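A.B. asks: When you get a sec, could you give me coordinates for this:
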Amino acid sequence: MNRTSTHPTEPRTEQRWKSRWYPGGPRHIGVARGDLARDLSRFPGAGGETEDAVRLCLSEMFTGALTRASWAGRGIVVFRSLSLRGGGASRRVLRLSVGERESAEVAPVPPLWGGVEQAEGTGLTLIAHFASRWGSRRIGTEEEWAYLMWAEFDLGVPER
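C.D. replies: Model prediction:
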């Protein structure tokens, strides 16, 4: 397949924010949301509805990680990465990634819902609605329990 850029003479850039790590526990979702808001505040053009959508997707991804760990009776650490691709006359894409890996240093995640049955897949429905693209995959080795979800948000062409 031949892949050509619509603007081959313009540089494509990628900006990455520092990855952040959190112990696996429900109270850390708010901390992660606050960190994300601070990171996005340093980037013009990612406020308003875009920021709200990215923060909601972060919450749903983090909650999904906790739910999987709770079902498995495992302790986890959760990490979040954020990057921005594009520039020049090309569209910009903000990518949020949230992953988890098992950790013996963190207490197992307790049952999150106190015995109340919760609908599965609601978070994925929200992510699919707000993100331009999203996906997930297992990471690590067969012995290592690790999982990654990502969502991309099209931001359009930067104003000049």
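
A.B. asks: okay, CA-based contacts and neighbour counts for the rest of this
C.D. replies: Fine.

A.B. asks: And the contacts of the helix-or-strand element of the chain with minimal mean pLDDT?
C.D. replies: Between all helices and strands in the chain, the lowest mean by mean pLDDT, DSSP states H and E belongs to strand 14-16, at a mean of 86. In this structure, residues lying in contact with strand 14-16 by C-alpha atoms under 8 Å, 6 or more residues apart in numbering are 81, 82, 83, 84, 85, 86.

A.B. asks: So which residues of this protein form strands?
C.D. replies: Taking DSSP state E as the criterion, the chain contains strands spanning 14-16, 20-23, 76-85, 92-102, 133-138, 146-156.

A.B. asks: Please report how far the closest residue to residue 106 other than its chain neighbours lies from residue 37.
C.D. replies: Among residues not flanking residue 106 along the chain, residue 75 sits closest, at 5.0 Å (C-alpha to C-alpha, 6 or more residues apart in numbering). Applying C-alpha to C-alpha, to the nearest Å, one obtains 26 Å for the distance of residue 75 from residue 37.

A.B. asks: quick one, which of these two is more surrounded?
C.D. replies: A side-by-side neighbour count of residue 75 and residue 37, using other C-alpha atoms under 10 Å, places residue 75 first with 22 against 17.
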